[in-house]
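Undergrad: pasting the sequence and the predicted coordinates here, then a few questions.
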Amino acid sequence: MNRFFNSFLNLILIVVIGFSLSGCVSTTRLPFLAQSPWQEIQLDNDANPLDIDFIDQDHGFLVGTNRLILETTDGGVSWQERNLDLPSEENFRLISIDFKGEEGWLAGQPGLVMHTEDSGKTWNRLVLGNKLPGDPYLITTLDQDSAELATTAGAIYQTTDGGSNWEGRVSDASGGVRDLRRKDDGSYVSVSSLGNFFVTLQPQDAVWKPHQRASSKRVQTLGFQPNGQLWLLSRGAEIRFNENPDDVEDWGKPIIPIVNGYNYLDMAWSPDGDIWAAGGNGTLLVSKDQGKSWEKDPIGENTPTNFIRIFFREFSDKNPPKGFAIGERGHILRWVGYT
């Protein structure tokens, strides 16, 4: 009798799980790519890289925790440490770097903004004062002497005179920020610090617009697809894509490519149109059919790190695209493409 009762309970459990997963695309075992388009680079520094940008095809900078700033002149094959003119007793988390030609801006925490006009040969530290809501989080080079700065409180400021003066673009901050992304047209999307909602900002807006999350699971991060619509990563390793460009709360069914106990931390589209998702414990997945099926990257799988960021940038049709998967503790992967 007990055996029958236990079997009946197991049957009910299987049915319940089946119904709960019926709205998801979930795979616990994935095939490996036959060939990885990534090359592992071990930096001679165990600080955590946080952002990367290039001035041209060969010259770029990588920044991170513990005042980390590295420079490459060979397209990212090798990196050399650089020093910033900062007091030795201050320990900064360099979180955002952006170039447009020789002009570049660097943002760090706490309260750091620096400006260069000569491709990073010299950097000028700017005085922000003590009234800035939150800490610098994301900086974007707009034009000569012009930049836009977003903070951990969701405040956004612009300068047109090389940082001597800053004008508030957003009158009301969005609150604490878990993650924040900007599109080239000046649109923003940001996740609240607790991940319980997200907010959007259009170029003409002066106030953030709040939106409900896609499910009861907290939002990890979200960003822009190549078509301008949103993608979203939630706790529980869920991926969703916005299906209606006129409604940012219209999400497709959750996609769960693999369940390994780690969340996805970033997503990006390579120049060939593949979707890459990165996360904890060497999780690096690719979809070549717009999210319908996924494969694991063999080099990512064997890299002992949490991948926190994926970066792609094209400079011209004559040169291969730049791409990096940024991991913790000095681990990064460089995009070399398929041969």
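TA: Yep, that arrived.

Undergrad: how about the helices in the stretch 1-150 of the chain?
TA: According to DSSP state H, counting those that start in this stretch, the stretch 1-150 of the chain carries its helices in the segments 2-21.

Undergrad: any stretches of it with poor pLDDT?
TA: Along the stretch 1-150 of the chain, the model assigns pLDDT under 70 to residues 1-28, 130.

Undergrad: how about stretch 89-102, which residues are buried there?
TA: 92-100 (16 or more other CB atoms under 10 Å). All C-beta spots, glycine's among them, are computed from the backbone N, C-alpha and C.

Undergrad: what about the stretch 201-339 of the chain, any weak spots by pLDDT?
TA: Looking at the stretch 201-339 of the chain by pLDDT under 70, you get 317.

Undergrad: would you list every one of the strands in it?
TA: 209-212, 219-224, 230-234, 238-241, 255-256, 264-269, 275-279, 284-287, 295-296, 307-313, 322-327, 331-335 (DSSP state E, counting those that start in this stretch).

Undergrad: what helices or strands is the fourth one leaning on?
TA: The reference is to strand 238-241. The contact analysis (3 or more CB pairs under 8 Å, 6 or more residues apart in numbering; DSSP states H and E) places strand 238-241 against strand 230-234, strand 255-256.

Undergrad: the first one now?
TA: Contacts defined by 3+ CB pairs under 8 Å, 6+ apart place strand 209-212 against strand 197-201.

Undergrad: parallel or antiparallel, list what pairs with the strand it packs on.
TA: strand 188-192 (antiparallel), strand 209-212 (antiparallel) (DSSP bridges).

Undergrad: how near is residue 327 to residue 160?
TA: In this structure, residue 327 and residue 160 are 37 Å apart, going by CB to CB, to the nearest Å.

Undergrad: in terms of neighbours, single out the busier of those two.
TA: residue 327 (24 against 15; other CB atoms under 10 Å).

Undergrad: partners of the more buried one in the sheet?
TA: Going by DSSP bridges, residue 327 forms beta bridges with residue 307.

Undergrad: how close does it get to residue 306?
TA: Applying CB to CB, the value for residue 327 to residue 306 is 6 Å.

Undergrad: can you check residue 143 too?
TA: Going from residue 143 to residue 306 by CB to CB gives 36 Å.

Undergrad: what do you get for residue 193?
TA: 20 Å.

Undergrad: which of these two has more residues huddled nearby?
TA: Ranked by neighbour count (other CB under 10 Å), residue 193 and residue 306 place residue 306 first, with 20 against 15.

Undergrad: who are the contact partners of the more buried one?
TA: Residue 306 sits next to 262, 265, 279-282, 327-328 when contact means CB atoms under 8 Å, 6 or more residues apart in numbering.

Undergrad: buried residues of stretch 180-197, list them for me.
TA: So stretch 180-197, judged by 16+ other CB under 10 Å, has buried residues 180-182, 186-192, 195, 197.

Undergrad: surely residue 189 meets residue 221?
TA: No - applying CB atoms under 8 Å as the test, residue 189 and residue 221 come out as separate, 9.4 Å apart.

Undergrad: looking at the contacts of residue 306, which one is closest to residue 297?
TA: Using CB to CB, residue 282 is the member of the contacts of residue 306 that lies nearest residue 297, at 8.9 Å.

Undergrad: residue 79 reaches residue 72, doesn't it?
TA: Yes - contact criterion CB under 8 Å: residue 79 and residue 72 qualify, at 5.0 Å.

Undergrad: in terms of neighbours, single out the busier of those two.
TA: Taking neighbours as other CB under 10 Å, residue 79 and residue 72 compare with residue 79 leading, 23 against 19.

Undergrad: export the strands of the stretch 201-339 of the chain to CSV and tack on distance to residue 118?
TA: Formatted as CSV, these follow (distance: least, CB to CB, whole Å):
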stretch, distance to residue 118
strand 209-212, 39
strand 219-224, 31
strand 230-234, 36
strand 238-241, 41
strand 255-256, 45
strand 264-269, 30
strand 275-279, 33
strand 284-287, 36
strand 295-296, 43
strand 307-313, 21
strand 322-327, 21
strand 331-335, 26
